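J.: Here is my input; please provide its structure:
(one chain, ligands or ions: 1)
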Amino acid sequence: MLTRRSLLAGSTFAALSTQAHPSAAATPPAGRQTPGIYRYRVGTFELTALYDGIWYRPITDTFIRNAPFAEVEGALADAFMPADKLTTPFTTLIVNTGRKLVLIDTGTGGQIAPSAGALRENLAATGINPKAVDLIVISHFHPDHINGIKDKDNGLVFANAEIAVPAAEWNFWMDDANLSAAPPELKLTFRNQRRVFSDIARNVTRFEPEKEIAPGILPLAAPGHTPGHTVFAVNSGDQSLLVLGDTAQHPAIFARHPNWQAAFDVDGEAAVATRKRLFDRAAADRMLVTGYHFPFPACGHLIKTASGYEHVPAEWRPNL
Ligand SMILES: [Zn+2]
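T.: Numbering: from 1, shown residues only. Down below sits the predicted model:
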């Protein structure tokens with residue numbers, strides 16, 4: 001009888017594989033990952049998912065405001081995630097409309113976790129010069145979305161890009177009264193936003209929802225995670241993509257448990273309402289979606305289940 005133990009007792013396999021490939025052991029392991037880029041199309045637009053890395057965010061029993069921690073631990077285990085940590089990948093998106101090169105969100109700038117900050121290296125692998133990016137569009141002002149605007153010396157990474165941000169997001173976070181009223185840990189977020197934006201404020205465009213910011217890119221208000229959190233419909237020809245930003249963080253946790261309010265949501269109830277509204281629409285319309293914290297390449301579809309939603313990742317395709 002073939003048991004797991006007999007399968008794992010590798011001596012037979014090891015012997016076989018050495019005989020079959022006598023030179024295999026002479027090839028040194030690469031010891032590093034391949035570039036994190038993935039291309040796909042929406043109509044005539046070419047999209048590039050651009051991976052910045054991953055953070056295993058430590059969490060405690062206060063992480064989900066409205067569920068017992070034992071349930072959260074169960075969900076982490078069900079998703080094969082480490083205990084007490086939220087697996088948090090970061091994937092930004094480049095949209096080449098044919099006329100403009102648009103970057104949606106900018107990654108961590110290497111300032112959040114040692115295992116994140118690969119955006120510039122991966123951008124180099126795409127062959128795109130950072131100076132060729134025409135427009136940076138920001139979904140919201142959390143550091144993992146804005147820090148990549150600048151390098152560690154406060155220099156602009158995308159020297160020629162116009163920067164466009166949600167007006168509601170700017171109004172909330174750049175208000176000094178809101179900073180003063182914020183709890184200490186949130187003050188760090190406010191200070192980081194001032195570090196990124198204060199000396200370039202004159203050049204930052206603020207946009208309103210429901211008005212295209214570039215041909216085919218329509219911002220839609222999606223408040224809750226932050227007051228001005230914004231998602232984007234990318235439309236070309238008869239095809240669309242919904243860029244969900246942080247409507248949900250890792251789908252194995254927050255699509256499966258859409259009612260959960262995370263500690264980092266500024267307004268937990270609004271975040272849940274927005275998530276369910278957008279996910280219901282995406283599932284009903286069978287829309288292609290991408291989520292900033294979905295597993296790379298972060299695009300795919302959502303289906304409705306009895307208790308929530310399930311993310312169905314896109315297949316790798318060699319041709320666009
Ligand atoms: Zn985020």
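J.: Within its local environment, how many residues does Thr34 see?
T.: By the criterion of other C-beta atoms under 10 Å, Thr34 has 8 neighbours. Using the backbone N, CA and C atoms, a C-beta is placed for each residue, glycine as well.
J.: quick one, phi psi at it?
T.: phi -80, psi 170 (degrees, to the nearest 10).
J.: biggest strand in the protein by residues?
T.: The longest strand of the chain (DSSP state E) is strand 45-58.
J.: Show the contacting residues for the closest residue to Lys100 other than its chain neighbours.
T.: Distance criterion C-beta to C-beta, 6 or more residues apart in numbering; nearest residue to Lys100, sequence neighbours excluded, is Asp134 at 4.6 Å. By C-beta atoms under 8 Å, 6 or more residues apart in numbering, the residues touching Asp134 are Lys100, Leu101, Val102, Asn160, Ala161, Glu162.
J.: Touching, the fifth one and Val137? I think so.
T.: Right, Ala161. No. Ala161 lies out of contact with Val137 (C-beta atoms under 8 Å); the separation is 9.7 Å.
J.: intersection of neighbour lists for the two?
T.: Counting by C-beta under 8 Å, 6+ apart, the common neighbours of Ala161 and Val137 are Leu103.
J.: after the lowest-mean-pLDDT helix or strand in the chain comes which helix or strand?
T.: Least confident helix or strand of the chain, by mean pLDDT, DSSP states H and E, is helix 11-20 with a mean of 52. Note on helix 11-20: by DSSP states H and E, the next helix or strand toward the C-terminus is strand 37-42.
J.: where does that following strand sit relative to the chain's centre, distance-wise?
T.: Remark: strand 37-42 is offset 15 Å from the chain centroid, using C-alpha atoms, centre = their mean, to the nearest Å.
J.: quick one, it and strand 45-58 angle?
T.: Here the directions of strand 37-42 and strand 45-58 differ by 130 degrees (axes from the mean of the first three to the mean of the last three C-alpha atoms, to 10 degrees).
J.: Run me through the strand neighbours of strand 37-42, direction for each.
T.: Paired strands of strand 37-42, with direction, are strand 45-58 (antiparallel) (DSSP bridges).
J.: Who are the packing partners of whichever helix or strand comes after the longest strand of the chain?
T.: Reading on from strand 45-58 to the C-terminus, the next helix or strand found by DSSP H and E is helix 69-78. With contacts defined as 3 or more C-beta pairs under 8 Å, 6 or more residues apart in numbering; DSSP states H and E, the packing partners of helix 69-78 are helix 251-254.
J.: is the helix it packs on anywhere near the ion?
T.: No. Helix 251-254 stays clear of the ion (C-beta under 5 Å from the ion), getting no nearer than 11.7 Å.
J.: what's in contact with that helix?
T.: 72, 75-76, 78-79, 81, 86-87, 248, 260, 262, 275, 291, 294-295, 302, 309-311.
J.: Equivalent analysis for stretch 161-178, please.
T.: Stretch 161-178 has contacts (C-beta under 8 Å, 6+ apart) with 103, 133-141, 149, 189-190, 193-194, 197, 200-201, 203-209, 213, 219, 221, 223, 226-230.
J.: where do the strands sit along the stretch 201-320 of the chain?
T.: According to DSSP state E, counting those that start in this stretch, the stretch 201-320 of the chain carries its strands in the segments 204-207, 217-221, 230-236, 239-243, 288-290, 299-304, 309-313.
J.: Tell me the gap between the last one and the middle of its chain.
T.: Taking C-alpha atoms, centre = their mean, the mean C-alpha location of strand 309-313 is offset from the chain mean by 15 Å.
J.: and that strand, what other elements does it pack with?
T.: helix 251-254, strand 299-304.
J.: Spell out which residues sit in contact with the closest residue to Ser139 other than its chain neighbours, please.
T.: Sequence neighbours aside, Gly245 is the residue nearest to Ser139 in space, at 3.6 Å (criterion: C-beta to C-beta, 6+ apart). Each residue near Gly245 by C-beta under 8 Å, 6+ apart is listed here: Asp105, Ser139, His140, His145, Ala222, His225, His229, Thr230, Val231, Phe232, Gly291, Tyr292.
J.: Please check the contacts of stretch 161-178 and keep the buried ones.
T.: 103, 133-141, 149, 189-190, 193, 197, 204, 207, 209, 213, 219, 223, 226-230 (16 or more other C-beta atoms under 10 Å).
J.: Could you check the pLDDT of the residue lying closest to Gln249 once chain neighbours are set aside?
T.: Spatial nearest neighbour of Gln249, chain neighbours left out: His293 (4.4 Å); criterion: C-beta to C-beta, 6+ apart. Looking at His293, its pLDDT reads 98.
J.: do Gly109 as well
T.: Taking Gly109 on its own, its pLDDT is 95.
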